[in-house]
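Engineer: sequence plus predicted model, see below.
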Amino acid sequence: MTTAKSRVAVLMGSDSDWEIMSAAVKRLQAFGIECDVHVMSAHRTPALVAEYVSGAAGRGIAVFIVGAGAAAHLAGVVAAHTTAPVIGVPLNATSLNGLDALLATVQMPSGVPVATVAVGGAENAGILAAQILALGNRELAAALARFKADMAAKVAEKDTRLQTVVKSLGR
Ligand code: RP5
C-alpha cells in the first residue's frame, strides 16, 4: 500500500535532459507528490545507479521515472535493480531524433519491464506515476479525477469554439 508520503524518483542521464524531464517533476508537484530528482548515468556512473536504486525502497521511493537519450539504457538498468515500477522516457538527443532512445528504452527483455511513454513524454510519465500511487491513495485518486475532468472541460470549450468557426463558414 502506498501512502501520501510515497515518493517518485525522477532520474535522467544528463543535465541536458532536464528541460524535457522538468515536465514530469512539475506535474508530480502539482499533485503534491514529493520527488527525488537526480542526474546519473547507466554508462558514466554505473555504480552510483546500482547503489541509488538498491537503497531507494528504504528511502520511500515507490515509482521511478527515468529519462535518457541516445543509447538510453538507464531505465533498463534501474529496472534491473528494483521491483518498483519503472517508467521510461526516451529523449531526443541525437541525429536519430529519439528513435534510438525509444528502442533502447522500450525493447526490454522478458522479466524486466520498463513502461515506456512517448519520446519526450515526461508529463505523461508524471501522470502515470501519480496513477500508480493513487491505487493506494484516495486523495490522490480524487485529484487525478479532477485533472481529467478539467481536461475534458477544455476539450468541450475547444469544440464550442470550433462550432462557431464552422457556422461562420456557411454565412
Ligand atoms: C544520454 O546522452 C543522456 O541521457 C543525454 O540524453 C545524452 C547526451 O548527454 P550529454 O552529452 O549532454 O551529457 O546519456
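Structural biologist: Looks like it came in fine. What you are looking at is a predicted structure, and each value in this text was computed from that prediction instead of being measured.
Engineer: would you list the strands that the longest strand anywhere in the chain pairs with, along with their directions?
Structural biologist: Longest strand in the chain, counting residues (DSSP state E): strand 61-69. Sheet pairing for strand 61-69, assigned by DSSP bridges, gives strand 7-12 (parallel), strand 86-91 (parallel).
Engineer: buried residues, stretch 17-37. List them.
Structural biologist: D17, I20, M21, A23, A24, V25, R27, L28, F31, I33, C35, V37 (16 or more other C-beta atoms under 10 Å). In short, each C-beta sits where N, CA and C put it, glycine included.
Engineer: now tabulate those in a markdown table and tack on distance to P109 and secondary structure.
Structural biologist: Shown next, in a markdown table, are the buried residues of stretch 17-37 (distance: C-beta to C-beta, whole Å; DSSP: H, G, I helix; E, B strand; the rest coil):
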| residue | distance to P109 | secondary structure |
| --- | --- | --- |
| D17 | 24 | helix |
| I20 | 26 | helix |
| M21 | 25 | helix |
| A23 | 29 | helix |
| A24 | 25 | helix |
| V25 | 29 | helix |
| R27 | 29 | helix |
| L28 | 29 | helix |
| F31 | 32 | coil |
| I33 | 30 | coil |
| C35 | 28 | strand |
| V37 | 28 | strand |
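Engineer: now render these as CSV, adding pLDDT and distance to the ligand.
Structural biologist: Converted to CSV, those look like this (pLDDT from 0 to 100; distance: C-beta to the nearest ligand atom, whole Å):
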residue, pLDDT, distance to the ligand
D17, 98, 5
I20, 98, 9
M21, 98, 9
A23, 98, 15
A24, 98, 14
V25, 97, 16
R27, 97, 20
L28, 97, 19
F31, 96, 25
I33, 95, 23
C35, 94, 18
V37, 96, 14
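Engineer: those: which two are farthest apart?
Structural biologist: Spatial extent of those (C-beta to C-beta) is set by the pair D17 and F31 at 21.5 Å.
Engineer: out of the strands paired with strand 61-69, nearest to the ligand?
Structural biologist: Of all these, the one in closest proximity to the ligand, counting by C-beta to the nearest ligand atom, is strand 86-91 (4.9 Å).
Engineer: for the closest one, give me every contacting residue.
Structural biologist: By C-beta atoms under 8 Å, 6 or more residues apart in numbering, the surrounding residues in contact with strand 86-91 are 12-13, 17, 20-21, 24, 63-69, 72, 75-76, 78-79, 98, 101-102, 104-106, 113-122, 125, 128-129.
Engineer: ok, it near the ligand or not?
Structural biologist: Yes. Using C-beta under 6 Å from any ligand atom, strand 86-91 reaches the ligand at L91.
Engineer: so what pLDDT did the residue positioned nearest the centre of the chain get?
Structural biologist: By C-alpha atoms, centre = their mean, the chain has its centre lying nearest to A125, at 2.1 Å. You'll see A125 listed with a pLDDT of 98.
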